[in-house]
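[1] Fold the following and give me the result.
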Amino acid sequence: MPTCPRIALGALLAVSTLAPSPAAQAQERVPPAGAPPATTPRLLRAGDVDTMPLRRTGQRIAYGTDSLQFGELRLPDGATATARAPIAVIIHGGCWLSRYASVRNSAPLADALAQQGIATWNVEYRRYDHPGGGWPGTFRDVADGADYVRSLARLYPIDTSRIVVAGHSAGGHLALWLASRRTLPRTSAVAGGAPLPLQGVVSIGGIADLREFYAREKSTCGNPAVESLLGGLPDLVPERLRDASPIERLPLGVPSVHIAGDRDFIAPEAVRDAFVRAARARGDSARTVTIVGDGHFEAMTPSKPSGRAVIDVIRGLLAMPPAPR
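    Numbering: from 1, shown residues only. The predicted structure follows:
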């Protein structure tokens with residue numbers, strides 16, 4: 001796929017709203033501001049993100065009866081019953097395995113978005129190593145958590161006509177799946193609920209093709225991630241793969257943006273490009289944003305170029321201007 005000219009972060013929203021050419025719309029490469037460092041810095045790890053300070057801890061609210069069926073709600077200043085805030089549903093990653101990540105890993109992004117005028121609902125869910133997690137529990141949890149925004153809006157100043165879902169890594173997979181779930185067959189074990197309309201979905205270093213990722217799971221996650229999530233090897237549970245893998249569920253019917261650093265080996269650029277091509281071939285609006293020099297967890301760090309790009313993309317999908325710098 002041809003690449004477009006490199007652009008500055010401040011121009012990111014303009015690129016997405018000025019109807020660029022199909023090639024430019026499909027892929028953007030954004031260099032960080034300033035000259036590159038003389039030496040390559042160490043990439044961030046999950047633990048680095050977990051220790052970032054937060055301005056707001058968020059209000060923990062249960063959406064189900066299990067101890068892991070809850071979310072953290074953060075409301076922006078100025079949200080009122082007559083000036084309701086748009087909302088971003090945030091889903092953390094962690095290879096669908098509990099020891100790798102929790103809502104604390106996605107809290108810095110949720111916190112930063114709340115400071116930008118966007119309510120955030122940071123969803124926790126059961127992973128495959130939890131009782132009731134995996135197939136179908138993990139999927140049902142994120143679906144129920146997302147649907148709970150309707151209940152939140154009865155109590156808090158949230159605009160349910162302006163919703164974006166964003167997820168990181170395995171959470172990116174779940175975010176893309178959420179965007180597709182309204183077309184699941186009724187007989188599917190992961191169907192059900194009352195999906196709210198979305199303005200778009202942001203996959204942050206996300207896993208969009210479970211079959212493709214299955215071949216790389218040991219070198220990336222280090223565990224039998226996909227077969228543990230599905231409850232069987234992909235070729236042995238084809239119906240589950242069809243219902244769970246975003247690339248199998250195209251078209252999504254909503255715009256999708258796939259953001260990662262060029263040093264992100266969980267979501268390499270070639271794999272993201274392949275999903276975007278498939279999505280566009282099915283009529284979806286889809287594009288990649290690649291941040292030069294960043295890795296997998298920089299995109300969950302609001303102070304990093306890729307983290308700022310995530311915020312700008314979410315604001316753009318919600319028809320808000322770029323974030324002030």
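[2] helix/strand/coil for Ala101?
    Using DSSP: H, G, I helix; E, B strand; the rest coil, the structure places Ala101 in coil.
[3] you'd agree it is up against Ala46?
    Yes - using Cβ atoms under 8 Å, Ala101 makes contact with Ala46 at a distance of 5.7 Å. C-betas here are computed from N, CA, C, even on glycine.
[4] Count the residues that sit near Asp48.
    15 (other Cβ atoms under 10 Å).
[5] Nearest residue to it in space, please, no chain neighbours.
    Phe297 (6.5 Å; Cβ to Cβ, 6 or more residues apart in numbering).
[6] Please enumerate the strands of this protein.
    Taking DSSP state E as the test, the strands found in the chain are 27-30, 59-62, 70-74, 85-91, 119-123, 158-168, 200-204, 256-261, 286-291.
[7] anything in contact with each of Ala101 and Ala46?
    Common contacts of Ala101 and Ala46 (Cβ atoms under 8 Å, 6 or more residues apart in numbering): Gly94.
[8] With distance to Leu109 as added columns, please give the strands of the chain in TSV.
    Output for the strands of the chain, formatted as TSV (distance: least, Cβ to Cβ, whole Å):
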stretch	distance to Leu109
strand 27-30	17
strand 59-62	17
strand 70-74	11
strand 85-91	6
strand 119-123	8
strand 158-168	8
strand 200-204	8
strand 256-261	11
strand 286-291	15
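[9] mind putting those in a markdown table, mean pLDDT included?
    Listed next are the strands of the chain as a markdown table, based on pLDDT from 0 to 100:
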| stretch | mean pLDDT |
| --- | --- |
| strand 27-30 | 71 |
| strand 59-62 | 98 |
| strand 70-74 | 98 |
| strand 85-91 | 98 |
| strand 119-123 | 98 |
| strand 158-168 | 98 |
| strand 200-204 | 98 |
| strand 256-261 | 98 |
| strand 286-291 | 98 |
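[10] between those strands, which one is nearest to Ala146?
    Closest to Ala146 of these, according to Cβ to Cβ: strand 85-91, at 5.2 Å.
[11] The closest one to strand 70-74, inter-axis angle?
    140 degrees (axes from the mean of the first three to the mean of the last three Cα atoms, to 10 degrees).
[12] which residues are contacting strand 85-91?
    75-76, 78-79, 106, 109-110, 113, 117-123, 125, 142, 145-146, 149, 157-160, 162-168, 171-172, 174-175, 178, 199, 314, 318, 320.
[13] Can I have the buried ones of those as a PyMOL selection?
    Applying 16 or more other Cβ atoms under 10 Å to these, the buried members can be selected in PyMOL as follows:
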select buried, resi 75+76+79+106+109+110+113+117+118+119+120+121+122+123+125+142+145+146+149+157+158+162+163+164+165+166+167+168+171+172+174+175+178+199+314+318+320
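[14] Please consider this matter closed, and thank you.
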